[in-house]
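In: my questions are about this predicted structure, shown below with the sequence.
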Amino acid sequence: MNFNKFIMGTSMVAITFLIIISLSSATAQNPVTITNTTSGGINGTIENESNYDTIYLDPGVYSGNENNNLVINRSISIIGNTSDARNVVINGSNTNRLFYITNTGSLTLINLTIANGYTSNNGGGGIYQENGNLTIQNSIFQDNYAQTNETIQLDLVVQYTMMVEILKL
C-alpha cells in the first residue's frame, strides 16, 4: 500500500513538473537580444520573419529611422536589459513618433526611457495607441511632444497598466 502511494506521489510530481515546463516555455517563445548597433535596429527586429515576441535591448541609445516609427501590429514585449530605465533609451530625436500600436497590436515596455518623440499630427509623440493593448513598467517618458501636446494618446483602451515616471525638462 505504501509503495502504491509512493508511485502515485512520484507520478503527480512528474506530471506537475511537465506542466510547469510546458507553461514556462509558453512565455517569451521567441526572444532575441539586440544592441544599439544591431543591423536594422528595433524596427528590423520587429519586422523580422522570425516573429520575435520579446526583444531585449542592451544598454545604450536607440535612435534613427531603424528605431523610430515602430508599428506594433502583434504581441511584442520590449525590455531593457537593466533594472535602471535610464540606461536604455529609445530616442525620437524630436523628429519622429516612437510607437504606433494598431488595433491588433499588444505592446509591453519594461525598463526603458522613451525620449524626444515628436509628431506634427494629432496623437502621442511617444506612443499612439489605436486600440491595442499597452503595458508599461518601470519606464520613463521624457520630452515627448505632439501637436496636441500629448506624450501618449490612448484610444479605446482594452488593457492599460502603467507604472511610469514622466519627466519634462
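Out: Nice, thanks for sending it over. Keep in mind that what you see is a predicted model, and the values were worked out from it rather than measured.

In: for the chain, name the helix or strand with the lowest mean pLDDT.
Out: One helix or strand of the chain scores below all others by mean pLDDT, DSSP states H and E: helix 2-24, with a mean of 43.

In: list the contacts for residue 55?
Out: Contact partners of residue 55, counting by C-beta atoms under 8 Å, 6 or more residues apart in numbering, are 31, 32, 33, 34, 42, 45, 46, 76, 77, 78, 79. All C-beta spots, glycine's among them, are computed from the backbone N, C-alpha and C.

In: out of these, who's the most crowded?
Out: residue 78 (26 neighbours; other C-beta atoms under 10 Å).

In: before we move on, what SS does that one have?
Out: The assignment at residue 78 comes out as strand when based on DSSP: H, G, I helix; E, B strand; the rest coil.

In: my guess is residue 139 contacts residue 114, does it?
Out: Yes. At 6.6 Å, residue 139 and residue 114 qualify as touching, with contact defined as C-beta atoms under 8 Å.

In: which of those two has more residues huddled nearby?
Out: residue 114 (28 against 22).

In: in three-state terms, label that one for me.
Out: Assignment for residue 114 (three-state DSSP): strand.

In: please begin residue numbering at 137 from this point
Out: Taking 137 as the first residue, the last one we looked at is residue 250.

In: contacting residues for it?
Out: Per C-beta under 8 Å, 6+ apart, neighbours of residue 250: 226, 234, 235, 262, 263, 275, 276, 277, 278, 280.

In: out of those, who's nearest residue 202?
Out: residue 226 (11.1 Å; C-beta to C-beta).

In: point out where the protein drops to low pLDDT.
Out: Low-confidence segments of the chain, defined by pLDDT under 70: 137-164, 284-305.

In: residue 182 falls within a strand, correct?
Out: No. Assessed with three-state DSSP, residue 182 is helix; it does not lie in a strand.

In: do you know how far it is from residue 206?
Out: Between residue 182 and residue 206 the computed distance is 6 Å (C-beta to C-beta, to the nearest Å).

In: one more: residue 255?
Out: In terms of C-beta to C-beta, residue 255 sits 13 Å off from residue 206.

In: likewise residue 173?
Out: 18 Å.

In: cool, residue 258 as well?
Out: Taken as C-beta to C-beta, the span from residue 258 to residue 206 is 19 Å.
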